[in-house]
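Engineer: The following block contains a protein sequence and its predicted model.
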Amino acid sequence: MLTLELARRLAAAGVLWEPRPGDRFAIDVDTLADQTYWISDLTIELHHYADQSVLGFNGTTEWALDSVGLDQTVWLPREDQLRELLGDRLRSVHRETEHPETEDPEPQPVWRVVTDDGQRQRHTRHTDLECAYAEALLDLC
């Protein structure tokens, strides 16, 4: 799963979020940042007001929170959303059994994502596929 750090870097790089049902997010405050939430028509809905958009928590018994502003959240894009953001710049994805920069006798499998920015191909690697896509997107920003 995409790390909060990478999600923050995507937001800082200008990746925009238009919330919709099924999206994952975190509330970006220390005491809540380790929790992942999903927008759903039943429990968490997007509400637009004149001065801001908020995510409203409907009927959640574990929460005393009515709503949270989008500016207090961090989008955690899914694998399919990251692929969509990469678009036609994505050339290939491969799972490798070893990471060439390590000399670990039992290396972890890694994902290699190849993108093309129109001038050259770029390669990113990570043990998590969502993180590999996010790193590739950041490399193109």
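Structural biologist: Good, I have the coordinates.
Engineer: only C-alpha atoms for contact and neighbour calcs from this point on.
Structural biologist: OK.
Engineer: Mind exporting the C-alpha coordinates of stretch 26-36 to CSV?
Structural biologist: Provided in CSV are the C-alpha atoms of stretch 26-36 (Å, rounded to 0.1, in the frame of the first residue of the first chain):
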residue,chain,number,x,y,z
ALA,A,26,-5.6,9.8,5.6
ILE,A,27,-6.3,12.6,8.0
ASP,A,28,-3.0,14.4,8.1
VAL,A,29,-2.6,15.0,11.9
ASP,A,30,-0.2,13.0,14.1
THR,A,31,-2.9,11.2,16.1
LEU,A,32,-4.9,10.0,13.0
ALA,A,33,-2.3,9.7,10.2
ASP,A,34,-1.9,6.0,10.6
GLN,A,35,-5.6,5.3,9.8
THR,A,36,-6.8,4.8,6.3
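Engineer: Could you pull up the mean pLDDT of it?
Structural biologist: Across stretch 26-36, the average pLDDT comes to 89.
Engineer: For residue 16, the count of nearby residues, please.
Structural biologist: As a burial measure, residue 16 scores 10 neighbours (other CA atoms under 10 Å).
Engineer: Next up, phi/psi of it, please.
Structural biologist: Main-chain torsions, residue 16, degrees, to the nearest 10: phi -90, psi 150.
Engineer: what separates it from residue 93, distance-wise?
Structural biologist: Between residue 16 and residue 93 the computed distance is 24 Å (CA to CA, to the nearest Å).
Engineer: again with residue 24
Structural biologist: Note on residue 24: its distance to residue 93, by CA to CA, is 23 Å.
Engineer: Please apply the same query to residue 130.
Structural biologist: Taking CA to CA, one finds residue 130 at 11 Å from residue 93.
Engineer: Give me the more crowded residue out of these two.
Structural biologist: Using other CA under 10 Å as the criterion, residue 130 and residue 93 rank with residue 130 on top: 23 against 17.
Engineer: my read: that one touches residue 83, true?
Structural biologist: No: between residue 130 and residue 83 there is no contact under CA atoms under 8 Å: 9.0 Å.
Engineer: Tell me, what's the model's pLDDT at the closest residue to residue 41 other than its chain neighbours?
Structural biologist: Closest residue to residue 41 apart from its sequence neighbours, by CA to CA, 6 or more residues apart in numbering: residue 21 at 6.6 Å. Confidence at residue 21, expressed as pLDDT, is 92.
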